[in-house]
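Enquirer: Structure of the sequence below:
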Amino acid sequence: MARFIISLLTITLMFAPLGNAEIDPETIVGAWLFDETGGKVAKDSSDNGNDGDLVGGAKWAKGKFGNAIELNGKDAWVTVPEIGPLDDFTLMKWFNATGRVGQWRCFFNRDGWTAGYVHYQFRPDNKMEMAIHSNNPVRHPGWDSSDFTADDDILDKWIHLAIAYSSNDESVRVYFDGELDVEDKWGPLPGEFGPGRIGSWDGGGREWEGLFDEMLLFDVALEEDDILSLMENGLEATLAVEAAGKLGTIWGELKLGQTK
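Expert: Residues are numbered from 1 along each chain as shown. Model (predicted):
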C-alpha cells in the first residue's frame, strides 16, 4: 500500500500545476534571472528558449537575488528574440539606476514601432511609461504616487516595478514595490515584445545605466499577491514554496483517504 501511495503521489505531482494557476511554469514567457557569473548569454529560465545576448559593456554584478546584469548607459544592453503578441501579460523586474537621470531610459523595448509593439521606459521626469503602439491612448504614464524628482531619490536604490495588462479586459495595473499604484482602462491591442532589447532600443540614445534583476514576463495578468510573492522571494523560491505546499496538500489527502 505504501509503495502504491508513493507512486500515485509521484504521478500526481508530475501533472499538477504549481500553486496558483497563474504562477505556473506554463505561463512564463521569459524569465531572465541574470544569475550567470560570466559569458555573453542571459539564460531564459523558462522552457521557451528566449535567451538574451549581452551586447557591448554589459556585465554581471551582485543583484537582489544572486547576480544581476549591469549596463553602462552607453553601449550596453541585452537582446531578446521574437516574443509575442500576448493578449494578456505581466512584466516585472527589480531595477537600480546609477546614472542618466533626467533622460529617457529603456527598460524593455520591442525593436521598431508599429501596431502592438511595446516600448517600456523611464521618462526624463522619472515616471514609468508603458506604450503599446495604436492603443488608446498609446502611452500609459504610471506610476502616480512615486516621487523621484531629485537625483538622490532615484539613484542607487533597488526598486520593484510590475505591469499587469489585459487586452481582453482593456485594463492595466501598475505595482510599485509590490503595492497597487495605478489601475486604469487601457487597450485594446495585444503586446509584442521581441525581437527587442532590455536596457535599450534599436533607435539608440535611451540606454539604461544601472542594474536589472529578475526580469519576468508572463502571459497572464497576475494578481497582487502573486506579484508580491515574486518580488519578495524571487521566481525560484516562489515556485519551490508552492511546490512544497502542493506536495503537503496531496500527501494529506492521501493519508486522509487511508483512514476512511
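
Enquirer: what about the most centrally placed residue in the chain, helix or strand, and which?
Expert: Geometric centre of the chain, nearest residue: L216, 2.4 Å, by Cα atoms, centre = their mean. Using DSSP states H and E, L216 sits within strand 209-218.

Enquirer: who's in contact with the helix or strand following that strand?
Expert: Using DSSP H and E, the helix or strand that follows strand 209-218 towards the C-terminus is helix 224-233. Residues from elsewhere that reach helix 224-233 (Cβ atoms under 8 Å, 6 or more residues apart in numbering): 20, 22-23, 90, 92, 94, 160, 162, 164, 173, 175, 177-180, 214, 216, 222, 238, 241. Every residue, glycine included, has its C-beta placed from N, CA and C.

Enquirer: Just the buried ones among those, please.
Expert: 22-23, 90, 92, 94, 160, 162, 164, 173, 175, 178, 214, 216, 222, 238 (16 or more other Cβ atoms under 10 Å).

Enquirer: of the residues you listed, the lowest pLDDT goes to which?
Expert: Lowest pLDDT among those: E22, with 58.

Enquirer: where does A240 land on pLDDT?
Expert: pLDDT at A240 comes out at 86.

Enquirer: Let's verify it: helix, strand, or coil?
Expert: helix (DSSP: H, G, I helix; E, B strand; the rest coil).

Enquirer: so who does it touch?
Expert: With Cβ under 8 Å, 6+ apart, A240 has no contacts at all.

Enquirer: And the helices in this protein?
Expert: Taking DSSP state H as the test, the helices found in the chain are 2-15, 151-154, 224-233, 235-259.

Enquirer: Where does the prediction get shaky in the stretch 1-150 of the chain?
Expert: 1-22, 141-150 (pLDDT under 70).

Enquirer: ugh, typo on my part, it should be the stretch 151-260 of the chain
Expert: Short version for the stretch 151-260 of the chain, where the test is pLDDT under 70: 151-152, 242-260.

Enquirer: switch to 80 and redo it
Expert: 151-153, 241-260 (pLDDT under 80).

Enquirer: Test my guess that I163 contacts R173.
Expert: Yes - the pair I163 / R173 is scored as a contact, 7.5 Å apart, by Cβ atoms under 8 Å.

Enquirer: Near A237, how many other residues are there?
Expert: 13 (other Cβ atoms under 10 Å).

Enquirer: Ok, E170 next?
Expert: 15.

Enquirer: cool, and F212?
Expert: 24.

Enquirer: With the one 5 residues further on instead?
Expert: Using other Cβ under 10 Å as the criterion, L217 is surrounded by 27 other residues.

Enquirer: Could you number the chain from 842 rather than 1 from now on?
Expert: All set: I'll call the first residue 842, so the last point we hit is now L1058.

Enquirer: Give me the distance between the two termini of stretch 1030-1048.
Expert: 26 Å (Cα to Cα, to the nearest Å).

Enquirer: Stretch 1013-1023 now?
Expert: End-to-end for stretch 1013-1023, by Cα to Cα: 8 Å.

Enquirer: how distant is that stretch from the center of its chain?
Expert: Computed by Cα atoms, centre = their mean, to the nearest Å, the chain-centroid distance of stretch 1013-1023 equals 13 Å.

Enquirer: who touches that stretch?
Expert: 933, 969, 971, 981, 983-987, 1000-1007, 1024-1027, 1062, 1065, 1068-1069, 1072-1073.

Enquirer: related to what we said a few turns ago, among the contacts of helix 1065-1074, which ones are in strands?
Expert: Secondary structure from DSSP state E places 931, 933, 935, 1001, 1003, 1005, 1014, 1016, 1020-1021, 1055, 1057 of these in strands.
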